[in-house]
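J.: Quick one, structure for this:
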Amino acid sequence: MCYVGSNLPACPLMCYAARENTLVIGSSVFFHVPRDGNLYMQLPGGAEAWAGYRQAVKPCQFGLSFNIDLAATAFLTSGPLVEVIAQVLGFRDPRALSEPLNPGYMRQVKDSVKGIRIAYERPGGFVSNKLVLEVGTRPTSHTMFKLDDGREVSVAQYYLTTYKVKLRFPNLPPLNVSAQAGRKVWVPMELCKVVPGQRRRILNEQQTTGMLQFAGLKPQDRMQYLTEVVTRQDLGGFNQDFTVQSFGIQVAEQMTKVQARVLSPPLLAYGQPEAITPGTRGSWNLRELRFPVGVEIKSWAFTTLVPPEFLVPDGPTGTDTFIKDLVNMCNKTGVKCVAPVKGPWDPNDSIEQRIRKAMEAAQTKFKLPCQMVLVLLERKQTSGESPYALVKQAGDSTIGVRTQCFAADKAGIGRNARPPKGRLQYCANVVLKINTKMGGVNVKLVDDPQSPKAVPVVGTMPYMVFGADVTHPTSFNPDDPSIAAVCASYDRTLGRYMTRVLRQGHRQEVIGSMKEVVRDMIKEFYNRNNGKAPAALIYYRDGVADNQFPVVLEHEYTAFREACYSIDPNYRPPITFMVVQKRHNTRLFPSDPAGADKSGNCLPGTVVDTGICHPTQFDFFLNSHAG
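T.: A predicted model of the protein is given here:
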């Protein structure tokens, strides 16, 4: 969302005067108003969601623009620590914490409390803010320490004799809040409160779902909210702010209107029908389509991480029923296969062992090495040490076999599952992944030499599309590497891609081995296209911040040029280098309902390349797919 102001001095900063119940983090402002359901939401597991806005002042072709967008993030639930711990453990009544905790609960308490800031209220009313440096391994009633006279007492006994306070939760571990090395100061949890405004950076599946519901406003609701942030004094109210007025800044209270255009959708080639167009919807149904290149699976297996007592073989929610539907969808879309063999179930097996035994069962039945293992999960969780992550680690890194996971709750599988809705579409989406992983081609761009529509500027010449991104570790350990990934198309139909994964230095954004990667990929393209090298190279680069543009452009563009030169000094194809940024504050809202999709978003293919774009750099905004 873009507001353009008048009478703006050079390079102003939109300062935000500190107000009650607000928290400023970087360029974002968050509101802590628990009574307002639009700005606050309680999440499960001891977390809460705050709404706010992120802001930026940027130069554009109109002048200076003030960009704001909805911001939402998760914080630790503030309030009495005992109540927060009860939420973390899933207890409805905090009084359940008066009973001894099992080792699993103790581990959860330690993980959720260590490192947070608390307000410790000493008996007598004195309150001090402390950082939790350590969580005791034993209950407060059994955590001992020595007094000055040499006597050894428990933390619970000390508070009883010294402050005449009998602890209500002696089975909870105490907290060490001493910043002095070698000295421990234990305090009971029930005398502590969680300080507001502590971000919860890692969320579980339920918390993530809650955050998506909280922040997923419809376009019209989002537009109204942002307008209220600009105009309402209790939110942003920038024109009423003393600091803004002191700088002589005036912010327009209406959104900027810009000219946009909608690109024509590409024609897509399938095996049957020969070509379709997605139109302006940005989506299409796969149930009646056949892949242009479908693979043949001669040996594969199925295993489950869901205990058999929670499954049924037949009926609408049966495992065998789903496998039958999946196999039928495979053959219908052009992936030739028979039903996979079921691997044996042993509750004592690790995930790796279950995959290996499933592979052995496929080898025994089909007399061929196993090509893929289907893995049934209770639900898809991709964070931390989730079953999904362990399946991928075992299949990709340890064993070396393709795996395809599917979630029982999404597929409608299980004794207590709801009757499946949209089963065929779900199977079609799974088959998409299966065919790609096995080396098939799901879709191609129609390539008409007389009237090229795939990439009009390139025309009929062979071209190659590259994509690259770098993932950085969340830790500050300098030994933890960053991982770079590069992919490139095999031919001009853009149906298949080659990939390279590279390990490089800690938080290094520039891809160091780009020259060697590009050279190898161009050679592979050459070998697969009858000795024809790509006459044009198109490079999409993700994850580059504004201040990294010069160094990334200099190094990686040079790497492309050097790679071409190393193949042949006379090989100088044109290179289009595009940096793609998703995390920006600019949001586009259609002013005419005719330019909106069924959700109220701009139509897929909407392009804005004037007005709000950078005054000197060549950039544009593209709504590339349906919202």
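J.: any chance you could map the helices in the stretch 401-550 of the chain?
T.: With DSSP state H, counting those that start in this stretch as the criterion, the stretch 401-550 of the chain has helices at 408-411, 423-437, 514-528, 549-552.
J.: and Arg261, which of those helices is closest to it?
T.: Arg261 lies closest to helix 549-552 among those, at 26.0 Å (CB to CB). Where you see a C-beta, it was placed from the backbone N, CA and C, and this is true even at glycine.
J.: Please list the outside residues in contact with that closest one.
T.: Outside helix 549-552, the residues that touch it by CB atoms under 8 Å, 6 or more residues apart in numbering are 509-510, 541, 544, 579.
J.: Tell me the most packed of those residues, by neighbour count.
T.: In terms of neighbours by other CB atoms under 10 Å, those top out with Arg541 at 22 neighbours.
J.: Now do the contacts for that residue.
T.: Neighbours of Arg541 in contact, by CB under 8 Å, 6+ apart: 467-469, 552, 556, 577-580.
J.: Double-check Cys613 against Val607; I have them as touching.
T.: No - counting by CB atoms under 8 Å, Cys613 does not reach Val607; the two are 10.6 Å apart.
J.: what residues are shared contacts of the two?
T.: Common contacts of Cys613 and Val607, defined by CB under 8 Å, 6+ apart, comprise 620-621.
J.: how about the helices of the stretch 401-550 of the chain, which one is nearest Asp234?
T.: Of the helices of the stretch 401-550 of the chain, nearest to Asp234 by CB to CB is helix 549-552, at 38.4 Å.
J.: Show me what the helix or strand just after the closest one is packed up against.
T.: Moving toward the C-terminus from helix 549-552, the next helix or strand (DSSP states H and E) is helix 558-567. The contact analysis (3 or more CB pairs under 8 Å, 6 or more residues apart in numbering; DSSP states H and E) places helix 558-567 against helix 514-528, strand 536-542, strand 575-580.
J.: Can you add distance to Asp597 and give the ones you listed back as JSON lines?
T.: Conversion of the helices and strands packed on helix 558-567 to JSON lines gives the following (distance: least, CB to CB, whole Å):
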{"stretch": "helix 514-528", "distance to Asp597": "36"}
{"stretch": "strand 536-542", "distance to Asp597": "24"}
{"stretch": "strand 575-580", "distance to Asp597": "22"}
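J.: Same list, those, but as CSV with mean pLDDT and distance to Asp349 please.
T.: Shown next, in CSV, are these (pLDDT from 0 to 100; distance: least, CB to CB, whole Å):
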stretch, mean pLDDT, distance to Asp349
helix 514-528, 96, 39
strand 536-542, 95, 39
strand 575-580, 94, 43
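J.: Let me know which of the ones you listed is the nearest to Leu286.
T.: That would be strand 536-542 among the helices and strands packed on helix 558-567, by CB to CB, at 24.9 Å.
J.: Quick check: neighbours of that closest one in the sheet, parallel or antiparallel?
T.: strand 463-471 (parallel), strand 575-580 (parallel) (DSSP bridges).
J.: So for Ser246, which of the ones you listed sits nearest?
T.: strand 575-580 (36.7 Å).
J.: mean confidence score for the helix or strand immediately after that closest one in the chain?
T.: Where DSSP H and E defines the elements, the next helix or strand beyond strand 575-580 is strand 606-608. Here strand 606-608 scores 94 as its mean pLDDT.
J.: Give the other helices and strands that strand 606-608 contacts.
T.: strand 261-262, strand 621-623.
J.: Which residues outside that strand are in contact with it?
T.: So strand 606-608 is contacted by 258-263, 588, 590, 595, 620-623 (CB under 8 Å, 6+ apart).
J.: Would you mind giving those residues as CSV with pLDDT added?
T.: Formatted as CSV, the contacts of strand 606-608 follow (pLDDT from 0 to 100):
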residue, pLDDT
Val258, 93
Gln259, 94
Ala260, 94
Arg261, 93
Val262, 91
Leu263, 88
Leu588, 92
Pro590, 93
Gly595, 84
Phe620, 95
Phe621, 95
Leu622, 94
Asn623, 91
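J.: Please convert the buried members of those into PyMOL selection syntax.
T.: In PyMOL syntax, the buried subset of the contacts of strand 606-608 is picked out as below (16 or more other CB atoms under 10 Å):
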select buried, resi 258+260+588+590+595+621+623
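J.: Adding distance to Gly318, write the contacts of strand 606-608 out as a markdown table.
T.: Below are those laid out as a markdown table (distance: CB to CB, whole Å):
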| residue | distance to Gly318 |
| --- | --- |
| Val258 | 54 |
| Gln259 | 55 |
| Ala260 | 49 |
| Arg261 | 50 |
| Val262 | 45 |
| Leu263 | 45 |
| Leu588 | 46 |
| Pro590 | 45 |
| Gly595 | 46 |
| Phe620 | 51 |
| Phe621 | 48 |
| Leu622 | 44 |
| Asn623 | 42 |
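J.: which one of the contacts of strand 606-608 is nearest Pro188?
T.: Nearest to Pro188 among those: Leu588, at 53.3 Å, using CB to CB.
J.: need the contact list for the closest one.
T.: Applying CB under 8 Å, 6+ apart, the residues near Leu588 are 260, 602, 606, 608, 621, 623.
J.: Surely the last one and Asp597 touch.
T.: In other words, Asn623. No - with contact defined as CB under 8 Å, Asn623 does not reach Asp597; the gap is 9.6 Å.
J.: which residues do those two both contact?
T.: Residues touching both Asn623 and Asp597 by CB under 8 Å, 6+ apart: 603-604.
J.: bridging residues for Val293?
T.: As for beta bridges, Val293 partners with Val441 under DSSP bridges.
J.: mind checking how far it is from Phe466?
T.: 22 Å (CB to CB, to the nearest Å).
J.: swap in Gly343?
T.: Between Gly343 and Phe466 the computed distance is 39 Å (CB to CB).
J.: What of Glu309?
T.: Counting by CB to CB, the gap from Glu309 to Phe466 is 49 Å.
J.: Compare those two (neighbour count), which wins?
T.: Counted by other CB under 10 Å, Glu309 and Phe466 do not tie: Phe466 has more neighbours, with 25 against 7.
J.: thought the more buried one was touching Ile538?
T.: Yes - under the criterion of CB under 8 Å, Phe466 makes contact with Ile538 at 6.9 Å.
J.: ok, and the closest non-adjacent residue to Gln548?
T.: Glu509 (5.7 Å; CB to CB, 6 or more residues apart in numbering).
J.: no wait, Lys218
T.: In space, Lys218 is closest to Gly600, 5.8 Å off (CB to CB, 6+ apart).
J.: TSV for the helices of the stretch 401-550 of the chain, including distance to Gly315?
T.: Shown next, in TSV, are the helices of the stretch 401-550 of the chain (distance: least, CB to CB, whole Å):
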stretch	distance to Gly315
helix 408-411	14
helix 423-437	13
helix 514-528	47
helix 549-552	55
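J.: I'd like to know which of those lies nearest to His142.
T.: His142 lies closest, by CB to CB, to one member of those: helix 408-411, at 41.1 Å.
J.: If you count contacts, what does that closest one end up packed against?
T.: helix 423-437.
J.: ok, and what's touching the helix it packs on?
T.: For helix 423-437, contacts defined as CB under 8 Å, 6+ apart pick out 285-287, 291, 294-295, 297, 322, 325-326, 328-330, 333-335, 372, 402, 404, 406, 410-412, 420, 441-442.
J.: ditto for stretch 200-210
T.: Under the criterion CB under 8 Å, 6+ apart, residues 41, 43-45, 47, 49, 74-76, 211, 379, 381, 383-384, 474 lie in contact with stretch 200-210.
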